[in-house]
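1. Next comes the sequence, and after it the predicted model I'd like to discuss.
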Amino acid sequence: MSLPSILVFFGLTASGKSTLGRLFAEHHNYVYLNTDRVRKEILGLPVTARKGAPPGEGIYNQQLTRDTYAELLLRAEQAVQSGAPGVVLDGSYMRLEDRRDVLQLATKLGLDVVFVFCDCSAATVKERLQQRARDPEAISDAGWAIYQDQLAKFSAPDELAAGQLLQINTERPPGDLLAELDNLLRR
């Protein structure tokens, strides 16, 4: 079985979605599109600029978030039309509307899409957020307050069909997770 053309790595902040999504994209020569990077590009900021803000404000305001997800879809469509073997979309995709927009794009382009829900314990999230805060190359500004806000507002992906949704616990080494994901996708 061939790999889907669009993979959406989604979940709460610090769930491991960016690490796994980037690794998958590199391994399979897919175009990798990340909401944190695109958000800062829209604002004209260096991707490692620290612009943290409370949930719903500043860099995380609703309009900028909508614009960011719309730009990801535009770039995904352009990548596929340019001949890329596939696209990885990396973001929280916590809103039903954002996931539906991806499904509509896949239908429009006649492509398969799989959503990979990345999950881990709150203790692991805390540890990853502490590491991120010390990493000068980190792109995401999301901290514990954003995590808790996402946890309260996350819309379960009930709209996704069984073959469109995979769930993976990201608390193991990234190489092991990539092997597991490849196995799941090829079934």
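-> Arrived safely, thanks for sending.

2. All the strands of the chain, in order from the start?
-> Along the chain, the stretches classed as strands by DSSP state E are 6-10, 31-34, 87-90, 113-119, 165-169.

3. If you count contacts, what does the first one end up packed against?
-> Counting contacts by 3 or more C-beta pairs under 8 Å, 6 or more residues apart in numbering; DSSP states H and E, the secondary-structure elements packed against strand 6-10 are helix 17-28, strand 87-90, helix 96-109, strand 113-119. Every C-beta, even on glycine, is put in place using the N, C-alpha and C of the backbone.

4. what about 6 Å?
-> helix 17-28, strand 87-90, strand 113-119 (3 or more C-beta pairs under 6 Å, 6 or more residues apart in numbering; DSSP states H and E).

5. and the angle from the first one to strand 6-10?
-> Interaxial angle, helix 17-28 versus strand 6-10 (axes from the mean of the first three to the mean of the last three C-alpha atoms, to 10 degrees): 150 degrees.

6. what mean pLDDT does helix 17-28 have?
-> Confidence over helix 17-28 (mean pLDDT, whole number) is 97.

7. One more: the shortest one?
-> Looking at strand 87-90 alone, the average pLDDT works out to 98.

8. and if you look at the last one?
-> Per-region confidence: strand 113-119 scores 97 on mean pLDDT.

9. between it and helix 96-109, how many degrees?
-> Using the same axes, to 10 degrees, strand 113-119 lies at 150 degrees relative to helix 96-109.

10. Thank you kindly, that will do.
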